[in-house]
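> give me a 3D structure for the following:
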Amino acid sequence: MNSRTLLAGLLAVLFIILLAPVLAVSVLIQFRTPILFFSRVYFGWVWPIVGFRITVEGREHLSPGRQCVFMANHQSFIDGPLLFWAIPGPLRVILKKGILRLPVIGLCMRFVGFVPVDRKRLRGGIRSVDRAAELMARRGYSFLIFPEGTRTRDGRFQPFKRGGFFLALRSGVPIVPASIRGTYRLMPRGSFRIGSGPVHVRFFPPVSVQPFSIDTLPALVERVRRTIASDLEPEENPS
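Below is the predicted model of the structure:
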């Protein structure tokens, strides 16, 4: 274990320790904002400490007051916290059910309205889309989704699943594509070693779903996928 990996582990433990009283107060007053605010501030403080040199482009396409479904490629475990920090406004995430087992963090995710998906059950994805659509309609949330469904194993861009696109069509909100480069090299799937180096995040202009329907869903999927792929390295998107 290198020193950077050890440092990241200590910072993760510190995050959990500091998050616990924030969660307690938030539950007591039934107010979710303190958890979200603390997490964003903490992540922004941690990135340079562990050696991540983050560049974000396309912030002009982001508006905290506009509901969107954000979709990004998925290279590393780092991607979720990174985009949660970078995207303003009332953002929630559709994520793998197992992540909610993390101590304290899982409780916070449930309390603030993150939506788990059980990929082992046939209707798990449908239930997750239904729940996310309800929260978007009732509370005005935006959602972050990784349409590949899971982190890449070899650094290559993977085919898309359609659940997030159903959510965008059902809610009538635009899709904001985002590309992530560099996180696979810093922490690839299956490794607990963390490296240092540049990370590039790019947000693209929103894609309106109004011209699309269930019948033309493949065209919407392909448009978003091509947009994200346009900013990836050739070895990441060999197709």
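> chain neighbours aside, what residue packs nearest to Leu169?
Sequence neighbours aside, Val209 is the residue nearest to Leu169 in space, at 5.4 Å (criterion: Cβ to Cβ, 6 or more residues apart in numbering). In short, each C-beta sits where N, CA and C put it, glycine included.
> which residues touch that neighbour?
Listed by Cβ atoms under 8 Å, 6 or more residues apart in numbering, the contact partners of Val209 are Ala168, Leu169, Gly172, Val173, Pro174, Ile175, Leu220.
> okay, and which of those residues map to strands?
The members of those that map onto strands under DSSP state E are Ile175.
> spatially central residue in the chain, please.
The chain has Gly80 as the residue nearest its centroid, 3.8 Å off, counting by Cα atoms, centre = their mean.
> and it, which of the three is it?
helix (DSSP: H, G, I helix; E, B strand; the rest coil).
> give me the number of residues near the nearest residue to it once chain neighbours are set aside?
For Gly80, ignoring the flanking residues on the chain, the nearest one in space by Cβ to Cβ, 6+ apart is Val93 at 6.3 Å. Using other Cβ atoms under 10 Å, Val93 is surrounded by 24 other residues.
> is it fair to say Val93 lies in a strand?
Yes - under three-state DSSP, Val93 falls within a strand.
> contacts only, for it.
Each residue near Val93 by Cβ under 8 Å, 6+ apart is listed here: Gly80, Phe84, Met109, Phe114, Val115, Phe143, Leu144, Ile145.
> quick one: the first one from Arg119, how far?
To tie it back to what came earlier, the one meant is Gly80. Remark: distance between Gly80 and Arg119 (Cβ to Cβ, to the nearest Å) = 16 Å.
> cool, the second one as well?
The span separating Phe84 from Arg119 equals 21 Å under the rule Cβ to Cβ.
> how distant is the lengthiest helix in the chain from the center of its chain?
Secondary structure assigned by DSSP state H gives helix 3-29 as the longest helix of the chain. Its chain's C-alpha centre and that of helix 3-29 lie 19 Å apart, by Cα atoms, centre = their mean, to the nearest Å.
> cool, stretch 35-44 as well?
Averaging C-alpha positions (Cα atoms, centre = their mean) puts stretch 35-44 14 Å from its chain's average.
> do stretch 131-141 as well
17 Å.
> for stretch 198-217, same thing?
On Cα atoms, centre = their mean, the centre of stretch 198-217 falls 15 Å from that of its chain.
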